[in-house]
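[1] sharing a sequence plus its predicted fold:
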Amino acid sequence: MSQTPSVRRRGRSPRARLSAVLLPLGLLAAGCGSARDAYENAFYLGVPEPVTDQANDTYELWLGTVAAAAVVGVAVAGLIMFAVFRYRKNSDQLPRQVRYNLPIEVLYTVVPFVIIAVLFYYTTVTQNFVNELTPDDEGGAEVNIGVVGFQWNWTFRYDDEGVQTTGAPGAPPVLVLPTDTTIRFTETSPDVIHSFFVPQFLFKRDVIPGRANTFEITINKEGSYVGRCAELCGEKHSAMNFEVQAVPMSEYRSYVSALGDDPANQIGTGAGQGAVRTAEESAEQIEGTRS
């Protein structure tokens, strides 16, 4: 099955440099509180607090992008107001007409290019980090989770332990995950496109029939988070909710062990298994056709 290529994990990305450059504007905009709080309060615009290492990078990129947009907006508004008041009509005489101004034309060509290049660089760095997978020759992820989205619910498989849980109508499934652990998700679907989305992860990835989409996260904050399907998938799309519980590794192991005590939770049995099997067969057929 097709899978996102694995690349070597890197250290902390340089988003902090962009934040440092734009921090003074945040201080001016907020006017009070600590430097970091002022910066966030000025530019976060309601984005949920990130709870994964990958989401932290996305959040920093968002803050920097909004700050850059604010700088450009203030500069453009200032130039417009300058032109309005400095060159407002005060007689019937036409102002001096000029054909061009080479320095200004070079300036408004180069400056936008520099802005776009800087934003493109930081966006690419962040995107690469968010899409990174731990190489299999380095042991792969510590925990592997299978996600099957089907009309209209979810099956979550704890592949390392061979157990799973499936939601029921009116009873959204619960996905228990360990904190401070590299978790790899592999998504499949037997019917239509769904989308696995947890707002606090600042990330979503489509669940596509005939394709195994993968991604990794490392949760750094304990808590309960609401998950949703973020792709219109049919009549009961709004019912495709689930809950993520981020707990310490010891609690995670206890939960998975208790889940395995019920034979109905073994992978290959229980509710939703038909959808799981159909999704796997569909992905295998597509992969066989490609090869």
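    It's in. Here the structure is a predicted model, which is why all the values come from computation and not from measurement. Numbers count the residues shown, from 1 in each chain.
[2] max-length helix in this structure?
    Ordering each helix of the chain by length in residues (DSSP state H) puts helix 53-86 first.
[3] roughly how far out does that helix sit from the chain middle?
    22 Å (Cα atoms, centre = their mean, to the nearest Å).
[4] in it, which residues are buried?
    By neighbour count, with 16 or more other Cβ atoms under 10 Å as the criterion, the buried positions of helix 53-86 are 53-68, 70. The way it works is simple: take the backbone N, C-alpha and C, and place the C-beta from them, glycine included.
[5] mean confidence for it?
    Looking at helix 53-86 alone, the average pLDDT works out to 91.
[6] next structured bit after that helix?
    Past helix 53-86, heading to the C-terminal end, the next element that is a helix or strand (DSSP states H and E) is helix 102-131.
[7] which other helices and strands contact that next one?
    Secondary structure elements in contact with helix 102-131, counted by 3 or more Cβ pairs under 8 Å, 6 or more residues apart in numbering; DSSP states H and E, are helix 15-30, helix 53-86.
[8] just the strands in the stretch 101-250 of the chain please.
    In the stretch 101-250 of the chain, the segments counted as strands under DSSP state E, counting those that start in this stretch are 143-150, 153-158, 163-166, 174-178, 182-188, 194-198, 203-207, 213-218, 223-229, 241-247.
[9] so which of the ones you listed comes closest to Val110?
    Between Val110 and these, the shortest separation by Cβ to Cβ is 34.2 Å, and it involves strand 203-207.
[10] and the angle for the closest one with strand 213-218?
    Interaxial angle, strand 203-207 versus strand 213-218 (axes from the mean of the first three to the mean of the last three Cα atoms, to 10 degrees): 150 degrees.
[11] dihedrals phi and psi, Ala212?
    According to degrees, to the nearest 10, the main-chain angles of Ala212 amount to phi -100, psi 100.
[12] burial of it, as a residue count?
    20 (other Cβ atoms under 10 Å).
[13] how about Glu161?
    The number of residues packed near Glu161 is 17, by other Cβ under 10 Å.
[14] what sits against it?
    256-257, 259-260 (Cβ atoms under 8 Å, 6 or more residues apart in numbering).
[15] what do you get for Val130?
    By Cβ under 8 Å, 6+ apart, the contact set of Val130 is 54, 57-58, 203, 215.
[16] in this structure Thr186 contacts Gly146, no?
    Yes - applying Cβ atoms under 8 Å, one finds Thr186 in contact with Gly146, separated by 5.3 Å.
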